[in-house]
Structure formats: structure tokens, C-alpha cells
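Visitor: Provide a 3D model corresponding to the input given below.
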Amino acid sequence: MLRILHQIFRTGIVTEPLPPEVEKGVEVIGAKLEEAIMRRFRRSLTIRQVDAGSCNGCELEIHALNNPIYNCERFGIKFTASPRFADILLVTGPVSMNMEIALKRTYNATPSPKFVIAVGDCGCNGGIFGESYASLGGISKVIPVDIVIHGCPPPPTAILKGILKLME
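Guide: As a prediction, this is how the structure comes out:
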């Protein structure tokens, strides 16, 4: 056990470099985001991601925010499993009939001030699923939405820009 801990401390934090064309944009957005988070929250920004019935395309892009390439934690963004600790709800997909009550409960469990970001075209207006027997449509039909991020799915940089837009 001590040998493994020694190796971890000796290696340090290892992250992959961003591709040159993306690195500049992410660094600029990240610096603005970090400054806005410190000004508004005086600590790290905690996000609860909720899948309201999506195809998982947006979730893959949200998970990419945590990978070694984008590494959103360096900007002060953390994800939590509990809405009770969240500052922002990041909601994806059209709201399915089965997720309506769960989404309302998650929204009500989030402490004020709370913000909601609808991610992807499905979260904005129902996308290709629209309103049907199994889908209520966009997130705004169930809970109030502060910011929408368009795209199918939106890239991680667009998600960071959306969070920055909300902070400003």
C-alpha cells in the first residue's frame, strides 16, 4: 500500500494536452469561468447532471468535461451525485413521462439560488422526439430553465460557454 502511495505522489497529476486548435479557446473560457465562479460563489461551482430521457449523446459530451483533456475541475467546476449540494442542474433530453416527477423532485431538492441549464436540442425543445405519448418535450415544460445550450450534442466547449453565460 505504501509503495502505491509513494508512486502516486512521485508521479503527480498527469493530464493530456489539449489539441492546439482547442487549447486556446478552452483556456480563455476557463479563465473567465474561474474568475466568474470565484466572484459569484466564492468557492467551486457544483453541478448535478440529470438525464431526463435522452439518447446519451449529451451525457458523453458532459462526461468529456471531466476527462484529462478538458479537465473542468481546474476551473473550479465539480459534479455531485446529490441535488442538495448542487448550484446548477444540467438537464439533458426531452422529459419522458417517467422522469417528470423525478425531475421536479430534483429541482425542489436543490437549494436556492438554483440555476437550470437545458443541454442539447432535446432539452431545449424536445428535439427529434418532440411531444408524444412518452415525452413531454423540452425541460421548460416541467421546470424553469435559465440557459439553453443548443446542439445535437453540443461540444464540451459549448457547454463551458453556456455555464460562463449563466455566470455573467
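
Visitor: from here on, contacts and neighbour counts on C-alpha atoms
Guide: OK.

Visitor: Verify the contact between residue 147 and residue 123 for me.
Guide: No: contact between residue 147 and residue 123 fails when scored by C-alpha atoms under 8 Å: they sit 10.6 Å apart.

Visitor: out of those two, which sits in the more crowded spot?
Guide: Taking neighbours as other C-alpha atoms under 10 Å, residue 147 and residue 123 compare with residue 123 leading, 32 against 17.

Visitor: From the chain's centroid, how far away is the helix ranked longest in the chain?
Guide: In the chain, taking DSSP state H as the definition, the longest helix is helix 20-41. Taking C-alpha atoms, centre = their mean, to the nearest Å, one finds the center of helix 20-41 at 15 Å from the center of the full chain.

Visitor: So what touches it?
Guide: Defining contact as C-alpha atoms under 8 Å, 6 or more residues apart in numbering, one finds that helix 20-41 is touched by 17, 43-45, 70, 75-76, 157, 160-161, 163-164, 167-168.

Visitor: In ChimeraX, select just the buried ones from these.
Guide: Of those, the buried ones go into a single ChimeraX selection, burial set by 16 or more other C-alpha atoms under 10 Å:
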select :44,45,70,75,76,157,160,161,163,164,167
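
Visitor: Just to be sure, which of the contacts of helix 20-41 are found in strands?
Guide: residue 45 (DSSP state E).

Visitor: Phi and psi next, for the residue nearest the centre of the chain.
Guide: Central residue of the chain (C-alpha atoms, centre = their mean): residue 90, 4.7 Å from the mean position. Backbone torsions for residue 90, taken as degrees, to the nearest 10, come to phi -100, psi 100.

Visitor: and it, bridged to which residues?
Guide: In this entry, residue 90 is beta-bridged to residue 49, residue 117, by DSSP bridges.

Visitor: isn't it right up against residue 118?
Guide: Yes: at 6.3 Å, residue 90 counts as touching residue 118 under the criterion of C-alpha under 8 Å.

Visitor: looking at the protein, which helix or strand is least sure?
Guide: When each helix and strand of the chain is scored by mean pLDDT, DSSP states H and E, helix 2-11 comes last, with a mean of 79.

Visitor: And the helices in this structure, which stretches?
Guide: Counting by DSSP H, the helices of the chain are 2-11, 20-41, 57-64, 100-109, 120-125, 156-167.

Visitor: could the ones you listed go into TSV alongside distance to residue 82?
Guide: Below are the helices of the chain laid out as TSV (distance: least, C-alpha to C-alpha, whole Å):
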stretch	distance to residue 82
helix 2-11	29
helix 20-41	18
helix 57-64	17
helix 100-109	9
helix 120-125	21
helix 156-167	19
